[in-house]
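Visitor: got a structure for you, letters missing:
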Ligand SMILES: Cc1cc2nc3c(=O)[nH]c(=O)nc-3n(C[C@H](O)[C@H](O)[C@H](O)COP(=O)(O)OP(=O)(O)OC[C@H]3O[C@@H](n4cnc5c(N)ncnc54)[C@H](O)[C@@H]3O)c2cc1C
Ligand code: SF4
């Protein structure tokens, strides 16, 4: 049998979360996701499947997107972490991806949204998304139970366009639905 | 998840010492397989040793013209590395066909080789499973076995090795570098994973106190003629039902060298030098491809729900060879 949880020693770690250094004592088996939600009250990051299959828990660690449910907080001692709470500007101005989600109605229930948005920011940092095909493939780690994918795609295309990254190859683009053209 | 004690190793020898000193201790790299298994109570290590600070994340040129992939380089950093993209595009493509971008940012090359089967019964601690609990039985043989093996199975276990990267590494004839208490040794990729036989609890030939330090790619990368065909239930973010890594060298329309490895069909990436030899000297074409495919699958045996994999694998081989030869 293993030691009961009350006997296992907590580790003191420091995580820089959304620009703020936060020191905390956690048991070694606490995932980064649980540390964010339960220890730091940053509940924007969602727990979906808790097995790396849905992407709802996506955060950026040192600028790279990861599933926070499959890493331990103690493994990330010293890391810089950005969660959905840290994307807007200090004045509250939405991050361009957040603004595009609002504009394109890229969610219904909203549960997958923080993970989707963090994943998109991570995908942009990586810089491999050129075509719609690329975007679909590189966003396949984020599932949306409501099926808001067409509008999520629109939001991503707009953000890439605004950043001047979307090449002219519109032949790959899904046709824009009529209700968007009407606006 | 069970409770456990935690340590960080900062040099390879210290990681090996930890493994030797603590019975049942496990290394953790990306954590994407081990933590998943711990959440399911399939793995219950009393101690975890974090190896993320070991200096093993580099990708370096080797004196023989090959490339050394550090055990702790992530799958993403490996697949997008300029040398891998230029000289080993088969490996890049194969890695990118696996898991999701988030997971590839976490998953390490060493951990990837050691990922465990996705057999439903192995994952469900409420059922018997010879791999999880030797001697308890194998419910997959007469049960749900759609994802299971068709080659190299035993009466004890019909699980598959689920990963993608190792399939390309088998075709590339990579070599795994490991370090143990008695020093270093090299294990050719084809001898790294094993068939289940009477001891399905062992997935591979790494000893419990050994650390993978690197994976070496030989010079020959099949950069011109290669293909990775992965057939799965959805077009992204799913494990292979069947996959094929093919690497060819060609001269004037004729095949001079062929390497073929199958994933999703056995307890290890499946290679058969005889099938590869059948292709040498042949003109690229459907007849030669089908003959090699038939030979590769000649000993295949289907179970109730996975017999479709036999013909699927043959056709995937033909497609991979066609793609590789016309690339
Ligand atoms: C939802 C999901 C989908 C996936 N889909 C795919 C897929 O389509 N294709 C695919 O190939 N894979 C897939 N994977 C598996 C994934 O690729 C592996 O989990 C990952 O590669 C494991 O690497 P890691 O560094 O996270 O390993 P860990 O989880 O850290 O470790 C795995 C094992 O290896 C040991 N270990 C790690 N590094 C070393 C070392 N250097 N020396 C000795 N022992 C070591 C650990 O002790 C542990 O036992 C998927 C995973 C998930 C969760
Ligand atoms: S196939 Fe192997 S892993 Fe699956 S239940 Fe049988 S013994 Fe266990």
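Guide: Ah, there it is. The shown structure was predicted, so the numbers you read here are calculated from the model rather than taken from an experiment. Ligands and ions are numbered 1, 2, ... in the order given.

Visitor: Up against ligand 1, what does the stretch 201-327 of chain B have?
Guide: Applying Cβ under 6 Å from any ligand atom, we find that the stretch 201-327 of chain B lies next to ligand 1 at B:211-212, B:239. The C-beta positions use only the backbone N, C-alpha and C, and glycine is treated the same way.

Visitor: Most neighbours among the residues you listed, which one is it?
Guide: residue B:212 (27 neighbours; other Cβ atoms under 10 Å in any protein chain shown).

Visitor: What pLDDT is listed against that one?
Guide: With respect to pLDDT, residue B:212 has a value of 98.

Visitor: near ligand 1, anything from stretch B:6-24?
Guide: No - against ligand 1, stretch B:6-24 shows no contacts by Cβ under 6 Å from any ligand atom, the least distance being 7.8 Å.

Visitor: what distance separates the start and the end of that stretch?
Guide: 13 Å (Cα to Cα, to the nearest Å).

Visitor: Go ahead and name everything in contact with it.
Guide: A:11, A:28, A:72, A:74, B:25, B:27, B:45-56, B:179-181, B:208-211, B:213 (Cβ atoms under 8 Å, 6 or more residues apart in numbering or on different chains).

Visitor: Report the buried residues of it.
Guide: B:6-9, B:12, B:14-16, B:18-19, B:22 (16 or more other Cβ atoms under 10 Å in any protein chain shown).

Visitor: Keep only those of these that are in helices.
Guide: B:12, B:14-16, B:18-19 (DSSP state H).

Visitor: what residues are up against the residue of chain A found nearest ligand 1?
Guide: In chain A, the residue that lies nearest ligand 1 is residue A:52 (3.6 Å; Cβ to the nearest ligand atom). Residue A:52 sits next to A:67, A:69-70, B:32, B:36, B:100, B:102-103 when contact means Cβ under 8 Å, 6+ apart.

Visitor: so can I have JSON lines of these showing secondary structure and pLDDT?
Guide: As requested, the contacts of residue A:52 are exported to JSON lines (DSSP: H, G, I helix; E, B strand; the rest coil; pLDDT from 0 to 100):
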{"residue": "A:67", "secondary structure": "strand", "pLDDT": "98"}
{"residue": "A:69", "secondary structure": "helix", "pLDDT": "98"}
{"residue": "A:70", "secondary structure": "helix", "pLDDT": "98"}
{"residue": "B:32", "secondary structure": "coil", "pLDDT": "98"}
{"residue": "B:36", "secondary structure": "helix", "pLDDT": "98"}
{"residue": "B:100", "secondary structure": "coil", "pLDDT": "98"}
{"residue": "B:102", "secondary structure": "helix", "pLDDT": "98"}
{"residue": "B:103", "secondary structure": "helix", "pLDDT": "98"}
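
Visitor: Please identify the one among those residues that lies nearest to residue A:159.
Guide: The closest of these to residue A:159 turns out to be residue B:102 (Cβ to Cβ; 18.7 Å).

Visitor: what sits against that closest one?
Guide: Counted by Cβ under 8 Å, 6+ apart, residue B:102 has contacts A:52, A:55, A:58, A:65-67, A:119, A:122, A:141.

Visitor: Spatially, what comes nearest to the closest residue to chain A within the stretch 151-300 of chain B if we skip its sequence neighbours?
Guide: Nearest residue of the stretch 151-300 of chain B to chain A (Cβ to the nearest Cβ) works out as residue B:236 at 3.8 Å. With sequence-adjacent residues excluded and distances taken as Cβ to Cβ, 6 or more residues apart in numbering or on different chains, residue B:236 is closest to residue A:140, at 3.8 Å.

Visitor: now do residue A:86
Guide: residue A:18 (2.8 Å).

Visitor: Make sure residue B:304 is actually in contact with residue B:140.
Guide: No - using Cβ atoms under 8 Å, residue B:304 makes no contact with residue B:140, being 10.1 Å away.

Visitor: Neighbour count: these two, which is higher?
Guide: Neighbours were counted for residue B:304 and for residue B:140 using other Cβ under 10 Å; residue B:140 has more, 28 against 12.

Visitor: so residue B:230 is in which element?
Guide: Applying DSSP states H and E as the criterion places residue B:230 in strand B:225-231.

Visitor: Same check on residue B:94?
Guide: Counting by DSSP H and E, residue B:94 is part of helix B:89-96.

Visitor: go on, residue B:220?
Guide: Per DSSP H and E, there is no helix or strand for residue B:220.

Visitor: how much space between residue B:92 and residue B:109?
Guide: 13 Å (Cβ to Cβ, to the nearest Å).

Visitor: overlap in contacts of those two?
Guide: With Cβ under 8 Å, 6+ apart as the test, residue B:92 and residue B:109 both reach residue B:78.

Visitor: the more surrounded of the two?
Guide: residue B:109 (29 against 19).

Visitor: For the more buried one, give me its contacts.
Guide: Per Cβ under 8 Å, 6+ apart, neighbours of residue B:109: B:69-75, B:78, B:165, B:212, B:215.

Visitor: go on, residue B:129?
Guide: Contacts of residue B:129 (Cβ under 8 Å, 6+ apart): B:119, B:121-122, B:136-139.

Visitor: what's the closest non-adjacent residue to the residue most central in space within chain A?
Guide: Nearest to the geometric centre of chain A sits residue A:118, at 2.4 Å (Cα atoms, centre = their mean). In this structure, residue A:118 finds its nearest non-sequential neighbour in residue A:58, 4.5 Å apart by Cβ to Cβ, 6+ apart.

Visitor: Closest one to residue A:108 out of the residues of the stretch 201-327 of chain B next to ligand 1, please.
Guide: For these, the nearest to residue A:108 is residue B:239 (28.9 Å; Cβ to Cβ).

Visitor: Find the residue closest to the closest one in space, skipping its chain neighbours.
Guide: residue B:162 is the one closest to residue B:239 (Cβ to Cβ, 6+ apart), at 5.0 Å.

Visitor: Wasn't that neighbour part of a helix?
Guide: No - per DSSP: H, G, I helix; E, B strand; the rest coil, residue B:162 lies outside any helix segment and is coil.

Visitor: out of the buried residues of stretch B:6-24, who's nearest residue B:158?
Guide: residue B:19 (29.9 Å).

Visitor: What does residue 50 show for phi and psi?
Guide: Since you didn't name a chain, this refers to chain A. phi 70, psi 20 (degrees, to the nearest 10).

Visitor: nope, chain B please
Guide: phi -80, psi 120.
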